[in-house]
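# requesting a structural model of the entry that follows:
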Amino acid sequence: MLPYNKNLKEASRQLRKDMTEAEKLFWSGVRRKQLSGVQFYRQKIIGDYIVDFYCPKASLVIEVDGSQHCEETGVEADMFRDDCLRSLGLRVLRFSNREVLENMADVLEAVYACL
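From the prediction side, this is the model:
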């Protein structure tokens, strides 16, 4: 069972309400077991993090990143976060907002390949 920080529950709910356009588009492609018949969750709490999307059957975390993730501090924080998630036995895939908005078919194909 994955660790869960209950103090993040309200923040997770708020993030589900305030998804970015790219997150909404990605969610529309994976919700209701549309992709390979597997369940995805959005804004899932894992340890001390809230991941954008999580597929428990594949132990797969999907992150849809905005431009702040390209800055030096964002890249370093993402590397640390990814290492923490990998230490829990999870795989992490990252896509930029632009990739999702402009090339959703390829994004879904990459996720499908990991399932």
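# who does the lowest-mean-pLDDT helix or strand in the chain touch, helix- and strand-wise?
Across the helices and strands of the chain, mean pLDDT, DSSP states H and E gives its lowest value to helix 72-87, namely a mean of 88. Counting contacts by 3 or more CB pairs under 8 Å, 6 or more residues apart in numbering; DSSP states H and E, helix 72-87 is packed against strand 49-55, strand 60-65, strand 91-96. All C-beta spots, glycine's among them, are computed from the backbone N, C-alpha and C.
# of those strands, which is nearest Q14?
Within the helices and strands packed on helix 72-87, the stretch nearest Q14 is strand 49-55; the backing value is 9.7 Å (CB to CB).
# hmm, who's touching that closest one?
Outside strand 49-55, the residues within contact range by CB atoms under 8 Å, 6 or more residues apart in numbering are 8, 11-12, 15, 23, 26-27, 30, 38-44, 46, 60-64, 81, 84-85, 115.
# kindly report the same for stretch 17-26.
With CB under 8 Å, 6+ apart as the test, stretch 17-26 has contacts from 27, 42-43, 52-53, 62, 64, 66, 95, 97-98, 100-101, 104, 107.
# run the chain-centre distance for it.
Distance, stretch centre to chain centre, for stretch 17-26: 11 Å (CA atoms, centre = their mean, to the nearest Å).
# hang on, the earlier thing: of all the helices and strands packed on helix 72-87, which one is nearest M1?
The closest of the helices and strands packed on helix 72-87 to M1 is strand 49-55. By CB to CB, the value is 13.4 Å.
# direction included, what does that closest one pair against?
Strand 49-55 has the following sheet partners, assigned by DSSP bridges: strand 41-46 (antiparallel), strand 60-65 (antiparallel).
# so for that strand, mean pLDDT?
For strand 49-55, mean pLDDT is 98.
# still on that earlier bit, the helices and strands packed on helix 72-87 into TSV, with extra columns for mean neighbour count?
Shown next, in TSV, are those (neighbours: other CB atoms under 10 Å):
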stretch	mean neighbour count
strand 49-55	21
strand 60-65	22
strand 91-96	17
